[in-house]
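*Asks:* coordinates for the following, if possible.
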Amino acid sequence: MVKRGENKMVQVTELGYMGLGVKSLDAWKDYAAKILGLEVVDEGEPGRCYLRMDNWHHRFILDEDGADDLNYLGFRVAGLVEFREMHKHLKDNGIEVHIGSEAEAAERRVLEVMKLKDSSGFPIEIFHGPQVQADKPFYPGRRMHGKFKTGDGGLGHLIQKETVGFDKTHAFYSLLGMRGGIEYRIPFPGAPKPFDLMFMHCNTRDHTVAFGPPGDKRINHLMFEVENFDDVGLAYEIVRQAGFAITMMPGRHANDHMYSFYFMNPSGWMCEIGWGAREATHQSEYYQRDTYGHEPNQEVMKGGLMEV
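*Replies:* Take a look at the predicted model:
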């Protein structure tokens, strides 16, 4: 147990923002507002818009660069002292880090930002001091029964690809102060060994980032948690009526206890909307399947998307 006055290793505290590259900004604006319920903010920057889900200036930056993939992740540290400590900590561990200019920080609407790459070579950013618009309440793009669950847990979670193996990936994200490990070991008929998925967290959310699914894109799926159970059902109805493919039917995850469903977006990867997740546990355990439901749409999933 850490006593008052003792030093703790500096760590990131949440997944604060994400940068997404898209082929069609118009398609994503429509999808973000009418399907996800996010607030679209267009500030007149060519080929760019912002998405809000709470009182931050933004949680997502969309750039019309043709990538249709995840461009970068933005992890928060508590403040200036922690930002300096994290920079030194990463440098001391041989990580190449670039401190962003004032202009780069202003572009992200944060006080300071540093840029680096994770163990697979994917861009990530670490920042402190996001712009919070206390005078501008979040206004959803469509009707909702409640709100998105963010706060200390950050914007949600994602599963992404890794290319260097779990040991190196775990070692890198542990440098950021994250904890976790393998939470699913899924047997497949005829396969020589089970398929593993690794989950890591930095706050009370069960996982912030997870690794394992194969695929051409960096990102497998992005999860939005809602505070009201009825918003899962409402979203399911809206997605079906709009004609976006449901990739996994409603069900409850074994690891975080989230009740959710999965569906496609205009960039060809998945979104998940869920409710009721438990807080992170520091005890290691694994599962071979979900509690119930989440049956995959095999016709849609055959393109290499994993169903977790």
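
*Asks:* ranges for the helices of the protein?
*Replies:* For the chain, applying DSSP state H gives helices covering 25-31, 80-92, 102-108, 166-175, 230-242, 298-301.

*Asks:* okay, the ones you listed in a markdown table with mean neighbour count next?
*Replies:* Where C-beta positions appear, they are placed from N, C-alpha and C, glycine not excepted. Formatted as a markdown table, the helices of the chain follow (neighbours: other CB atoms under 10 Å):
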| stretch | mean neighbour count |
| --- | --- |
| helix 25-31 | 18 |
| helix 80-92 | 16 |
| helix 102-108 | 15 |
| helix 166-175 | 17 |
| helix 230-242 | 16 |
| helix 298-301 | 13 |
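
*Asks:* okay, stretch 51-70 in CSV with CA atoms only?
*Replies:* These are the backbone C-alpha positions of stretch 51-70, laid out as CSV (Å, rounded to 0.1, in the frame of the first residue of the first chain):
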residue,chain,number,x,y,z
LEU,A,51,-17.1,15.1,-32.4
ARG,A,52,-18.3,15.8,-28.9
MET,A,53,-19.8,13.4,-26.4
ASP,A,54,-19.5,15.5,-23.2
ASN,A,55,-18.4,19.0,-22.3
TRP,A,56,-14.8,18.6,-23.7
HIS,A,57,-14.2,20.6,-26.9
HIS,A,58,-14.0,17.3,-28.6
ARG,A,59,-13.3,13.6,-28.1
PHE,A,60,-12.7,12.8,-31.7
ILE,A,61,-10.9,14.6,-34.6
LEU,A,62,-12.0,13.4,-38.1
ASP,A,63,-9.6,14.1,-41.0
GLU,A,64,-10.7,13.4,-44.5
ASP,A,65,-7.3,11.8,-45.5
GLY,A,66,-8.6,8.6,-47.0
ALA,A,67,-7.3,6.3,-44.3
ASP,A,68,-10.5,5.0,-43.0
ASP,A,69,-8.6,3.9,-39.9
LEU,A,70,-7.3,5.1,-36.5
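
*Asks:* quick check: buried residues in it?
*Replies:* 51-54, 56-65, 67-70 (16 or more other CB atoms under 10 Å).

*Asks:* generate JSON lines for the helices of the chain, with distance to residue 45 as supplementary columns.
*Replies:* Formatted as JSON lines, the helices of the chain follow (distance: least, CB to CB, whole Å):
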{"stretch": "helix 25-31", "distance to residue 45": "11"}
{"stretch": "helix 80-92", "distance to residue 45": "26"}
{"stretch": "helix 102-108", "distance to residue 45": "9"}
{"stretch": "helix 166-175", "distance to residue 45": "31"}
{"stretch": "helix 230-242", "distance to residue 45": "27"}
{"stretch": "helix 298-301", "distance to residue 45": "34"}
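
*Asks:* any stretches of the stretch 1-150 of the chain with poor pLDDT?
*Replies:* 1-7 (pLDDT under 70).

*Asks:* now with 50?
*Replies:* The stretch 1-150 of the chain contains residues with pLDDT under 50 at 1-6.

*Asks:* give the contact list for residue 104.
*Replies:* Applying CB atoms under 8 Å, 6 or more residues apart in numbering, we find residue 104 in contact with 113, 115.

*Asks:* er, residue 74 actually
*Replies:* 15-19, 108, 110, 113, 124-127.
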